[in-house]
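Peer 1: Got a predicted structure here, sequence first:
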4 protein chains.
Amino acid sequence: MKVVLDPVHGYIELDDLVQDLLSTPQMQRLRRIRQLGFSNLVYPGANHSRFEHSLGTMHLASTLTRSLDSIEDDKKTEIKAAALLHDIGHGPFSHVTENVIDKYTRRRHDDVKEILGKGEIREVLNKYGISPGNLVKHIKGETSLGQILSSEIDVDRMDYLVRDAHYTGVSFGVVDYNRLIKKMNFHEDRLVVDYGGLKAAESLLVSRFWMNTSVYYHHVTRISEAMCSRAVEYMIENNELDPFRLRYMDDIDLIASMRNATGYAGELSRLLDARKLYKRALYVGLADVGKAVLRHRDRIRRVEIEIAELAGVSPEYVLVDIPKTPEMLEMQAMIKTDHKMIPLNEASHFVSILREADMDNWRMGVYSPKEHCEAVGKAARDYFDVNKSLKQFKLSDL
Amino acid sequence: MKVVLDPVHGYIELDDLVQDLLSTPQMQRLRRIRQLGFSNLVYPGANHSRFEHSLGTMHLASTLTRSLDSIEDDKKTEIKAAALLHDIGHGPFSHVTENVIDKYTRRRHDDVKEILGKGEIREVLNKYGISPGNLVKHIKGETSLGQILSSEIDVDRMDYLVRDAHYTGVSFGVVDYNRLIKKMNFHEDRLVVDYGGLKAAESLLVSRFWMNTSVYYHHVTRISEAMCSRAVEYMIENNELDPFRLRYMDDIDLIASMRNATGYAGELSRLLDARKLYKRALYVGLADVGKAVLRHRDRIRRVEIEIAELAGVSPEYVLVDIPKTPEMLEMQAMIKTDHKMIPLNEASHFVSILREADMDNWRMGVYSPKEHCEAVGKAARDYFDVNKSLKQFKLSDL
Amino acid sequence: MKVVLDPVHGYIELDDLVQDLLSTPQMQRLRRIRQLGFSNLVYPGANHSRFEHSLGTMHLASTLTRSLDSIEDDKKTEIKAAALLHDIGHGPFSHVTENVIDKYTRRRHDDVKEILGKGEIREVLNKYGISPGNLVKHIKGETSLGQILSSEIDVDRMDYLVRDAHYTGVSFGVVDYNRLIKKMNFHEDRLVVDYGGLKAAESLLVSRFWMNTSVYYHHVTRISEAMCSRAVEYMIENNELDPFRLRYMDDIDLIASMRNATGYAGELSRLLDARKLYKRALYVGLADVGKAVLRHRDRIRRVEIEIAELAGVSPEYVLVDIPKTPEMLEMQAMIKTDHKMIPLNEASHFVSILREADMDNWRMGVYSPKEHCEAVGKAARDYFDVNKSLKQFKLSDL
Amino acid sequence: MKVVLDPVHGYIELDDLVQDLLSTPQMQRLRRIRQLGFSNLVYPGANHSRFEHSLGTMHLASTLTRSLDSIEDDKKTEIKAAALLHDIGHGPFSHVTENVIDKYTRRRHDDVKEILGKGEIREVLNKYGISPGNLVKHIKGETSLGQILSSEIDVDRMDYLVRDAHYTGVSFGVVDYNRLIKKMNFHEDRLVVDYGGLKAAESLLVSRFWMNTSVYYHHVTRISEAMCSRAVEYMIENNELDPFRLRYMDDIDLIASMRNATGYAGELSRLLDARKLYKRALYVGLADVGKAVLRHRDRIRRVEIEIAELAGVSPEYVLVDIPKTPEMLEMQAMIKTDHKMIPLNEASHFVSILREADMDNWRMGVYSPKEHCEAVGKAARDYFDVNKSLKQFKLSDL
């Protein structure tokens, strides 16, 4: 069997179906989509692609199903294909463009029906008698088997946690995934972890916590991504970019378009290329602003304009970033003992308290060019009624 | 400069002083003392010695002091020597014999005054003009510089955590010690961690938590060590072993003596050699027995006899193991920000909750040959008034 | 001091000079130049950039000079800057465009005089009183100190060997570079390796051999690079690309241009994007064609046209790839014993025979679309007078 | 299924048979036999045991047979048991006592018939219906399947090369054994490597070369082992040690006996404990003494006495060490292409020349206490007619 060498999992076997899917231009496009968006501006090694993550996820999914006798062979094949294709709907720089694509096209990255239903992928699926519709459901986690790909503890996050750790160099991103996979099983249509895999499941949560705090929520990454995302919005609104075409583009297409863009989008592109980034005018935790701040998530542009007015600067100079609160869905994974099923956070005291710690990672940010930071920061503090001195925020940032 | 290759730190440099100290029979003895006692009965790779741990600790201490300009060169030399010698007082199988040695000789493993003050070590120290008395104080952590070796966050535990992880294969024992060491400094005679090293300090705590749960508190290790420790007590009481000589013995001496021992000590030796171990008759957490159980720590032998009577078995068949509660001293390490000093557990919410989780690792055990487990378990549950079914304890054990 | 995390070397320290140089757009461009061109089509993880390699080379150069007391501080600073800037002259996809740029502009990647002498880099060098002219000489290896960056055994290749191994996943690319660096020294203006570093030097040669055979000479990489390089030539000759601008472009610029190109260049771009690559019509070693074949290196286009005529296909369908023979310059590195200096290949029998083995890695290739492979292969075998059956070539390829 | 964690291979599965075999005192004894004899005097981490190596070999043998459909299940079980038991015949410190045991008892370490045929191992084999006689043949490599355990490229050496590298810290001991195992197969009763595994097979040879040069032939190890081996001979000849009991002893038994020994054996024991080792009086390669020197291998004691007389010292002070020439049997492994079978050294030019390099690792040594080195060295040079100055030998030693 053909193999490919992966720095994370070693040799990955590619059967005919996988080779045929890999040969489609849609899968090849993922070679040119960075897995971690702009994280390479912080961690210079983080240049890995959705392509290798897709291979890794396929590899783990196959490893998991191989030992499950209850699953029929054609279903195992479906899961393998779904794992390989699960990120086919990602736009340039992965999550960076996800919200913009959603806003203008109402497509999330796991809405892959139209992608699987046409072109070379459809031909390959036809050839092997695989129903695109089934794959779509697996990818969305809507089937029992789909939990392997998308649920509280799935092979998708096992792969990306260890992979992102490998390429950033963050040594704590360890997940005992070999053991975890060995201890996963179906119990009445529910993907569960046997009690003997509890520590391995905990390791996944700890890894997630560390990667959140060190990588995924790093402020420099978030600033760059906010700048890119804003540039894309400007281009769409100026009719310089078709949002429906966007999700079929790769990183190269997007950056090339941005470099050609007029006005503020072009300016943001030049700043990103030169890594001349906005700075934090405000950067605070939930304790500082209260949960009420989350209601602004639907009216960010409005908020930015209002803060800009308060600060007396042009609205382009204010970027507001209010992330969702961390979910830690993994905690609801079911642990199976000899007698009963208990949620992970009840089986493990450690896990239950990790959630608290992870909430500390949440930050909202208001970003601005360095020269406007003071004015914008003051305005934003008033606007959000923050009762803390700027000094303290700096503390909470490494 | 001469170097030695260490699987954990790579090349370690050995200057003349270090080479001379390594050439003493006292240091060579540490080659034959297992770092982790009987942990190799659970983790077959855990055969590493106090000798390599001493080299590693010396290496980290030197790395730490090298960049601290405030420390004078002769003090750096003292710390290097103290680091290399800090475990010279360990008896066979390290912690396994520590309590027995203490009980019969009132010497702890860091009471190294008499060892440093005589023989070849004394000659070497003389040659380099190093005061044994100063080393003793450093090793006990009684000096300001001694905090490098013995304090809340010291190079001793940095080395043993990563080393024990390397040899057991437990992949979570990661400590970002290079960064941690870079961020450590003295502030008015207090060894502190700069704020930029907070995450690295957290990594040490997480590593400690994982190693506690996976390795240090593993019940099979604790059973073996209880068996060995009991055999040693019998031999001392039968005048087959001189407790004052014990701490100068190596693992080979002790096992050879045990194999020659008469009566029950000899029998325990044969059981250990063949890995025919006692089993858990009772194994419960603090929640099950209450903190009051700790008062029994000073009268273990009495408790064993009483349980044996209740169970109707010979007292040799009852081993009671009540560990100290975990300390997590690391949490009191001081973190230095631009403005003030704060204890680690205040600077890091994550650390503060790790303590809770670590308390869950505490277990008391009553061990007995398999054939007496039911009777002894029942008696012990009555004796300690445990209101739980045995089923539940099994759950908490991986 | 500021640090950046590198997956290969861990934390790398960035002093003010380095930070200022990194902030220039010229250095930022290297983030978008793949270190290994199209190797990621074979090794999916090989997406790393010249930027991180430059950081790594700077790190190793600093480590090497730190312990050399004979070098003055300002010279150490020069070497640090030169190490960071040594690849600033690379065009898109590194070596892929090197020959084309040379052909049309007479600039090699180490001709960096004009790049260092203008713009933001010049300003930074001015600020720190560093002479661009000195850096140019260091980078070309024309000074004594420049041997650190460019000589038989230099930090440039130490970094790229281990880095390329890390990202491809090829586990044999091990170099004992920590030891090698410790054992390097200047002896009368010659950078030499002390005898104690002989094994470490050997490890570099073995690593080079493995990386040659597994990665650098992989036929799929060479085919892709030949296709890209040819597309670039077409674009230059069609006036769709300015060769003088080319070396200032990044991978994104080049791919975007290729996608917009007309004619055959555009077609090659689409084939590369979809990884529909030419195949090997002929693939033979030096023993099969004789050294005389090397004389064709200067008239490749002519050769291609002649083979195409013989095969009766359009000249676009024939790509001829005749690499230089491997040099193994490392073998001339000087080893210093107590008494004399001897070249590495005399000090080590093992090294001397590695050269023979490395010659086996040399292959010339003639590539063509699959449907023309038979005709082109036959023509090429006649043209080059190859007396071997095609079967045998397949053997020599993994 | 029960698992055990191995630092080299990760989780190793233990089925009922394996668990039962591991529970025998004969297998438990291997926990107390160092894999690398006295190598820990050079590489402090090299304390690993035959027990873990046996587990690792069993793991690789199972992995190899799992995918071979042509082998029946009961034969797979036999190979698994044989792999686990293959080193059961090793005496204390593995190879250190092998020659002495052979000399006095005519038993080699793979003469395991009498060990498998009695006691608890026999009972376990009976229980599972396994014939001890078949295991003996597999272990000696006398059956077709036995080639998995003992042939040119077997799982035994795959395991020990990577394991010894892990514990010594020698980073070059890389073997691509996962790929190699995947590419191994039976072809008409011959265990062969498919052509696609050629590079992986080469990696094993390179690893062997490096481990020979760095570890297995290290002079300090060889000196210590010669001292131990000689002490054992003295004890046997003084009737202080029964050679037939020796191979059932563990390291502890032997060291304890040596410490109690009278005369020169006791003295050697004290020197070994304190690492006060003999030095090299003579240390030369084959080129210096000629192949004729090998004829002395059968009369070492005679040679020592004659050299001692020449030097005017007591015969105890002369240890002569003439190793066998390296065999590199691996080169005869068969590589299977589509068409034919070729020996590894013909399939790979690289491998054929490695043999030459490995011959360079051969050294004969004459060892003596430091104070007699000059006299003994001079005498030995005369005796062996060595035409080289001592200076040159020093060169060849790292």
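Peer 2: Here it is on my side, so go on. Numbering: from 1, shown residues only, chains lettered A, B, ... in the order given.
Peer 1: C-alpha from now on. contacts and neighbour counts both.
Peer 2: Will do.
Peer 1: Checking the residue of chain A positioned farthest from its centre next. Helix, strand or coil?
Peer 2: Largest separation from the mean C-alpha position in chain A: A:His339, at 35.9 Å (Cα atoms, centre = their mean). Following DSSP: H, G, I helix; E, B strand; the rest coil, we place A:His339 in the coil state.
Peer 1: next one: phi and psi at it?
Peer 2: Main-chain dihedrals, A:His339, degrees, to the nearest 10: phi -110, psi -30.
Peer 1: Okay, it and chain C: tell me how far apart.
Peer 2: To chain C, A:His339 is 43 Å away according to Cα to the nearest Cα, to the nearest Å.
Peer 1: What confidence value was assigned to that residue?
Peer 2: For A:His339, the pLDDT comes out at 83.
Peer 1: Would you mind measuring from it to chain B?
Peer 2: From A:His339 to chain B the distance is 10 Å (Cα to the nearest Cα).
Peer 1: Same question for A:Gly263.
Peer 2: When A:Gly263 is compared with chain B (using Cα to the nearest Cα), they lie 39 Å apart.
Peer 1: before we move on, back to that, quick check: the residue farthest from the centre of chain A vs chain D, distance?
Peer 2: 19 Å.
Peer 1: Who are the contact partners of the residue in the stretch 1-150 of chain A positioned nearest to chain B?
Peer 2: In the stretch 1-150 of chain A, the residue that lies nearest chain B is A:Val8 (14.6 Å; Cα to the nearest Cα). Neighbouring residues of A:Val8 by Cα atoms under 8 Å, 6 or more residues apart in numbering or on different chains: A:Val162, A:Arg163, A:His166, C:Gly169.
Peer 1: and if you look at A:Glu330?
Peer 2: A:Glu330 is in contact with A:Ser151, A:Glu152, A:Ile153, A:Leu205, A:Leu344, counting by Cα under 8 Å, 6+ apart.
Peer 1: Does the fourth one touch A:Ile353 like I think?
Peer 2: No. Here A:Leu205 does not reach A:Ile353: they are 10.8 Å apart, not a contact under Cα atoms under 8 Å.
Peer 1: Among the two, which residue is more densely surrounded?
Peer 2: Ranked by neighbour count (other Cα atoms under 10 Å in any protein chain shown), A:Leu205 and A:Ile353 place A:Leu205 first, with 25 against 16.
Peer 1: pLDDT value on that one, please?
Peer 2: On the pLDDT scale, A:Leu205 is placed at 88.
Peer 1: Relative to C:Ala231, how far out is it?
Peer 2: Per Cα to Cα, to the nearest Å, A:Leu205 is found 48 Å from C:Ala231.
Peer 1: what ranges do the helices span in the stretch 1-150 of chain A?
Peer 2: Remark: helices assigned in the stretch 1-150 of chain A by DSSP state H, counting those that start in this stretch are A:16-22, A:25-29, A:50-66, A:73-85, A:95-105, A:113-116, A:119-127, A:132-140.
Peer 1: Just the C-alpha atoms of the second one, please, in PDB.
Peer 2: Which is helix A:25-29. As requested, the backbone C-alpha atoms of helix A:25-29 are provided in PDB (Å, rounded to 0.1, in the frame of the first residue of the first chain):
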ATOM      1  CA  PRO A  25      -8.100  19.700  -7.100                       C
ATOM      2  CA  GLN A  26     -10.400  20.300  -4.100                       C
ATOM      3  CA  MET A  27      -8.200  18.300  -1.800                       C
ATOM      4  CA  GLN A  28      -5.000  19.700  -3.300                       C
ATOM      5  CA  ARG A  29      -6.300  23.200  -2.600                       C
END
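Peer 1: check whether it contacts chain C.
Peer 2: Yes. Counting by Cα under 8 Å from any Cα of the partner chain, chain C has neighbours in helix A:25-29: A:Pro25, A:Gln28, A:Arg29.
Peer 1: Can you name the residues of chain A sitting close to chain D?
Peer 2: A:Tyr11, A:Arg179.
Peer 1: Report the central residue of chain A.
Peer 2: In chain A, the centroid-proximal residue (Cα atoms, centre = their mean) is A:His95; its distance is 5.3 Å.
Peer 1: how close does that one get to chain C?
Peer 2: 19 Å.
Peer 1: Same check on A:Phe244?
Peer 2: 20 Å.
Peer 1: What is the neighbour count of A:Arg297?
Peer 2: 14.
Peer 1: how about the nearest residue to it, chain neighbours excluded?
Peer 2: Closest residue to A:Arg297 apart from its sequence neighbours, by Cα to Cα, 6 or more residues apart in numbering or on different chains: A:Ile322 at 6.2 Å.
Peer 1: So which residues of the stretch 151-300 of chain A form strands?
Peer 2: Taking DSSP state E, counting those that start in this stretch, the strands of the stretch 151-300 of chain A run over residues A:184-187, A:190-194, A:279-284.
Peer 1: Chain C is nearest to which of those strands?
Peer 2: Per Cα to the nearest Cα, nearest to chain C of those: strand A:279-284, 15.1 Å.
Peer 1: since we're on the closest residue to chain D within the stretch 51-200 of chain A, how many residues are nearby?
Peer 2: Nearest residue of the stretch 51-200 of chain A to chain D: A:Arg179, at 7.6 Å (Cα to the nearest Cα). Applying other Cα under 10 Å, we find 18 residues neighbouring A:Arg179.
Peer 1: coming back round to it: can you flag which of the contacts of A:Glu330 belong to helices?
Peer 2: Of the positions in these, A:Leu205, A:Leu344 sit in helices, assigned by DSSP state H.
Peer 1: I'd like the contacts of A:Glu330 laid out as CSV, including distance to B:Asn47.
Peer 2: Below are the contacts of A:Glu330 laid out as CSV (distance: Cα to Cα, whole Å):
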residue, distance to B:Asn47
A:Ser151, 40
A:Glu152, 38
A:Ile153, 35
A:Leu205, 30
A:Leu344, 34
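Peer 1: Make a PyMOL selection of whichever of the contacts of A:Glu330 turn out to be buried.
Peer 2: Selection of the buried residues among these in PyMOL, burial being defined by 16 or more other Cα atoms under 10 Å in any protein chain shown:
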select buried, chain A and resi 151+152+153+205+344
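Peer 1: Output the contacts of A:Glu330 in TSV; the columns should cover distance to chain C.
Peer 2: Listed next are the contacts of A:Glu330 as TSV, based on distance: Cα to the nearest Cα, whole Å:
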residue	distance to chain C
A:Ser151	26
A:Glu152	27
A:Ile153	25
A:Leu205	22
A:Leu344	32
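Peer 1: of the contacts of A:Glu330, closest to chain B?
Peer 2: For the contacts of A:Glu330, the nearest to chain B is A:Leu205 (12.2 Å; Cα to the nearest Cα).
Peer 1: OK, contacts around the closest one?
Peer 2: A:Glu330, A:Val351, A:Leu354.
Peer 1: So which of those residues are in helices?
Peer 2: A:Val351, A:Leu354.
Peer 1: residues making contact with stretch A:158-171?
Peer 2: Residues external to stretch A:158-171 that are found in contact with it (Cα under 8 Å, 6+ apart): A:8, A:36, A:43-48, A:53, A:56-57, A:60, A:172-175, A:177, A:204, A:207-208, A:211, A:214, B:174, B:176, C:5-8, C:10.
Peer 1: same thing but at 7 Å, please
Peer 2: A:8, A:43, A:45-46, A:53, A:56-57, A:173-175, A:177, A:207-208, B:174, C:5-7, C:10 (Cα atoms under 7 Å, 6 or more residues apart in numbering or on different chains).
Peer 1: can you tell me if stretch A:217-227 touches chain C.
Peer 2: No. Stretch A:217-227 lies out of reach of chain C by Cα under 7 Å from any Cα of the partner chain, never closer than 13.0 Å.
Peer 1: coming back round to it: not counting sequence-adjacent ones, nearest residue to the residue nearest to the centre of chain A?
Peer 2: A:Gly37 (6.9 Å).
Peer 1: Next one, pLDDT for the residue lying closest to A:Lys140 once chain neighbours are set aside please.
Peer 2: Closest residue in space to A:Lys140, ignoring its immediate chain neighbours: A:Asp110 at 6.1 Å, by Cα to Cα, 6+ apart. Looking at A:Asp110, its pLDDT is 86.
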